[in-house]
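S.K.: Show me the folded form of this:
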Amino acid sequence: MDLRKRVIVLLAVDETEYSEYAFNWYRDFVHRPGNFLVLLHCTDHDYQSMRDASPGQTKTMIVELTEKMKFIEDKFGQLMNHAGISGRIQRGSGKPGEAIIKAANDEGASMIVTGTRGHGKIKRTFLGSVSDYVVHHSPVPVIICRKH
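M.R.: Below is the predicted model of the structure:
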């Protein structure tokens with residue numbers, strides 16, 4: 001019986017090519033048999049705008065959000081199955097950086113892997129950066145995969 005601790009890796013994903021790149025990088029360079037991958041997708045939805053919207057607009061927002069989540073779950077579920085990676089897909093809510101840190105703590109993750117859009121310094125200053133937030137608040141090592 002193998003008594004080594006199971007390694008849990010949290011990989012933050014969304015619908016972008018940057019997340020797929022981060023997944024592929026994890027698969028090619030980090031993944032080991034026995035690792036358990038938790039794919040986290042955060043719904044960074046503006047709930048205030050939903051409260052202020054008409055019932056029809058709210059319904060449209062919910063449908064769009066549901067379709068986006070299904071697309072992400074299908075896409076990354078297929079990638080995990082194809083690669084033979086065990087794990088699961090989890091939904092988070094709220095600000096993505098905070099949700100990633102919370103999930104890493106809740107799951108007992110050994111590391112966090114995330115992609116980055118590579119915004120310039122000025123854009124990051126005004127928009128903020130999920131990867132910057134995660135690096136500065138994570139209790140575990142963080143790998144940021146930057147697509148060139």
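
S.K.: Can you spell out which helices and strands pack onto the strand or helix carrying L65?
M.R.: Element membership of L65 [criterion: DSSP states H and E] is helix 55-83. Using 3 or more C-beta pairs under 8 Å, 6 or more residues apart in numbering; DSSP states H and E, the elements in contact with helix 55-83 are helix 17-29, strand 36-43, helix 47-52, strand 87-93. All C-beta spots, glycine's among them, are computed from the backbone N, C-alpha and C.

S.K.: Relative to I72, tell me which of these wins on proximity.
M.R.: Closest to I72 of these, according to C-beta to C-beta: strand 36-43, at 5.0 Å.

S.K.: Go through the closest one and flag the buried ones.
M.R.: F36, L37, V38, L39, L40, H41, C42, T43 (16 or more other C-beta atoms under 10 Å).

S.K.: now stretch 97-112
M.R.: Neighbour counts over stretch 97-112 (16+ other C-beta under 10 Å) mark 97-104, 107, 109-112 as buried.

S.K.: same question, stretch 86-96
M.R.: Within stretch 86-96, the residues that count as buried by 16+ other C-beta under 10 Å are G87, I89, Q90, G92, P96.

S.K.: which ones are touching the second one?
M.R.: Shown in contact with I89 (C-beta atoms under 8 Å, 6 or more residues apart in numbering): V38, L39, L40, H41, I72, E73, F76, G77.

S.K.: And the fifth one, what's its pLDDT?
M.R.: I72 carries a pLDDT score of 90 in this model.

S.K.: Verify the stated contact: it with T16.
M.R.: No - using C-beta atoms under 8 Å, I72 is not in contact with T16, being 9.9 Å away.

S.K.: More neighbours: the two, which one.
M.R.: A direct count of neighbours by other C-beta atoms under 10 Å for I72 and T16 places I72 higher, at 19 against 13.

S.K.: got the contact list for the more buried one?
M.R.: Going by C-beta under 8 Å, 6+ apart, I72 touches V13, D14, E15, H41, I89.

S.K.: JSON lines please, covering those residues and showing pLDDT.
M.R.: Shown next, in JSON lines, are the contacts of I72 (pLDDT from 0 to 100):
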{"residue": "V13", "pLDDT": "93"}
{"residue": "D14", "pLDDT": "89"}
{"residue": "E15", "pLDDT": "88"}
{"residue": "H41", "pLDDT": "92"}
{"residue": "I89", "pLDDT": "93"}
